[in-house]
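J.: Sequence first, predicted coordinates after that:
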Amino acid sequence: MSFFEGRFGRLVLTTVWPGEAIEAQSSPTIVLRAGGGDVRFLNPGETFSYAELSRLIVFHADRDWLEQSLPAAFRPPERPFQVAREPITPRILRLAEALAGEALNDRFMSGERLEFMLQELVLSIVESYLTPRRATSPWLGSRFEDSRIRRAISLLRARPVKDQSMDQLASQVGLSRSRFYDLFQVCTGFSPRTYLDLLCIEAAISRLASGRGRIRELSAELGFSAQSNFTRFFQQQVGVPPSQYRRAAAAPPRLPAAAE
């Protein structure tokens, strides 16, 4: 088991045995199964167990952290999750792969990068699952209420390439460059360029952790003119070359001992 704590709450990478209970105590909990499948949601006080051995990413989100970002979606006494299980989206699957990679390579982990990925996970869950099921918008009163910035984030996610033009992005969402930068920083806590860098690293970690493709192919997909430029960027952001990160992620995880 690996676990990480911060103002976001607690993230746990674990293997559970058949019938072993996962419990949400005082805060909402999101369960992602390694390799895909469904996303499981637990409201405070709820429990769930799998019928087979499962490797899981369990996010026990801090209630205050959720409310500060998205009060309409997570403010008590409303139960945030009306459905216990949803099919995983490609976006959330990539985040699950990246979070698993970070947990397995925790000596390279950045607290800022981990919190960014968890924020992205929550935003993606609100977009994909909560918004269609709510009579009122879960974005109301949040720092992500501005639909222009949410659209900009969606455009960045759809094409996380290093050479993306921020001027064109501002124009696409109907804002001047200076206004776009100001609003984006207020809404997300990052500049647009830093947000894009974090998305590029997230995409790279997801691919490296899953073992898909070659590094030069990944470099080209992320918009780098040369693999050496991608290697330098990755090392600056993560602290090791992508080849070393991939080797570390490929090490087989140790399963917990069965309870006697």
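T.: Noted; the coordinates are in hand. Residues are numbered from 1 along each chain as shown.

J.: Could you list the low-confidence segments of the stretch 51-200 of the chain?
T.: Applying pLDDT under 70 to the stretch 51-200 of the chain picks out residues 77.

J.: Report the separation between the residue nearest the centre of the chain and residue 47.
T.: Centroid-nearest residue in the chain, with C-alpha atoms, centre = their mean: residue 117, separated by 3.3 Å. Remark: distance between residue 117 and residue 47 (C-beta to C-beta, to the nearest Å) = 26 Å. All C-beta atoms are positioned from the backbone trio N, CA, C, and that covers glycine.

J.: returning to that earlier point: and the residue nearest to the centre of the chain, what does it touch?
T.: 95, 98, 99, 102, 202 (C-beta atoms under 8 Å, 6 or more residues apart in numbering).

J.: from those residues, which is closest to residue 131?
T.: Set against residue 131, the nearest of the contacts of residue 117 by C-beta to C-beta is residue 95 (17.5 Å).

J.: Pretty sure the closest one sits against residue 119.
T.: No: using C-beta atoms under 8 Å, residue 95 is not in contact with residue 119, being 10.3 Å away.

J.: Which one of the two is surrounded by more residues?
T.: For the pair residue 95 and residue 119, the greater number of neighbours falls to residue 95 (22 against 19), based on other C-beta atoms under 10 Å.

J.: That one in helix, strand or coil?
T.: helix (DSSP: H, G, I helix; E, B strand; the rest coil).

J.: That one and residue 209: what is the separation?
T.: Separation of residue 95 from residue 209 (C-beta to C-beta): 11 Å.

J.: Tell me where the stretch 1-150 of the chain has strands.
T.: Using DSSP state E, counting those that start in this stretch, the strands assigned to the stretch 1-150 of the chain run over residues 2-6, 9-16, 21-23, 29-33, 38-42, 47-49, 54-61, 85-87.

J.: Done for today, thanks.
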